[in-house]
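> pasting the structure only:
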């Protein structure tokens, strides 16, 4: 894993979007199409807003996949990630296809459909974030580092659920589902390139743990350090708890561009 530091969210979004667009175009050139995993949440607002402006991408050759979704939430619920992705991404570009996770269907039905759609398929780019509890997708600590299926049913811990309230998706903790369908850790690591965007002060402890703690299910996002083509993009606020020695390991912007050629 490599990481770089942006000034703030407004700089982070275009930085990630341009890099992701270059990687998608390279995949289309090599394979005739590209496969993209898309995350949701507050960390992705600026990323997706900038990504849909990348008109140089032949979006009709891009297939999209959904990272995670609450169990029991309909696609029209204000907190639904189906709704989030439909409004902020899928309706904005002419994708070849997009594979939603349906939280309002029986879990077994959603899992079977999602696993069938993704199993044995190459993923060129994955856009992800890190939760306040260090989760990757909805894999809360202690995360399952072993399950090999593309998607799994996971419990949501109280810190994760409280984050959803704090970000305004739900009116109170009692409204937040206790389970979700999540892309597995092993499936995320299969992506050829991972862009992990982590802005804001409240994510600083999770960022510190990701980079400075041992690689462990107790710190789910720490597993990204085992992936040679992961780019962790931080802003000044989310990086403020990093030790001087960690700050010295930052990669430069030119390295990000060179890696995508």
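Thanks, I have it. On a predicted model such as this, the values are computed, not experimentally measured, just so you know.
> surely residue 147 and residue 184 touch.
Yes - using C-beta atoms under 8 Å, residue 147 makes contact with residue 184 at a distance of 5.0 Å. Where you see a C-beta, it was placed from the backbone N, CA and C, and this is true even at glycine.
> neighbour count winner among those two?
Counted by other C-beta atoms under 10 Å, residue 147 and residue 184 do not tie: residue 184 has more neighbours, with 23 against 15.
> okay, which residue is most central for the protein?
Of all residues in the chain, the one closest to the mean position by C-alpha atoms, centre = their mean is residue 128, 1.5 Å from it.
> now that one. Its backbone dihedrals?
Here the main-chain torsion angles of residue 128 (degrees, to the nearest 10) amount to phi -140, psi 170.
> if we ignore the residues flanking it in sequence, what's nearest residue 179?
Spatial nearest neighbour of residue 179, excluding adjacent residues (C-beta to C-beta, 6 or more residues apart in numbering): residue 71 at 4.3 Å.
> one step back: my guess is the residue nearest to the centre of the chain meets residue 193, correct?
No - in this structure residue 128 lies outside contact range of residue 193 using C-beta under 8 Å: 11.1 Å.
> Three-state assignment for residue 254, please.
Using DSSP: H, G, I helix; E, B strand; the rest coil, the structure places residue 254 in helix.
> got the confidence number for it?
Residue 254 is assigned a predicted lDDT (pLDDT) of 75.
> now residue 258
Residue 258 is assigned 52 on the pLDDT scale.
> for the nearest residue to residue 191 once chain neighbours are set aside, the count of nearby residues, please.
Take residue 191 and drop its neighbours on the chain: the residue closest to it by C-beta to C-beta, 6+ apart is residue 126, 3.7 Å away. Other residues near residue 126 come to 27 when the count uses other C-beta under 10 Å.
> contacts only, for residue 160.
With C-beta atoms under 8 Å, 6 or more residues apart in numbering as the criterion, the residues that contact residue 160 are 131-133, 135, 138, 140.
> can you tell me the element it falls in?
helix 158-166 (DSSP states H and E).
> likewise residue 208?
Using DSSP H and E, residue 208 sits within helix 204-212.
> adjacent strands (with direction) for the next helix or strand after that helix?
For helix 204-212, the following helix or strand on the C-terminal side (DSSP H and E) is strand 230-235. Sheet partners assigned to strand 230-235 using DSSP bridges are listed as strand 2-6 (parallel), strand 193-198 (parallel).
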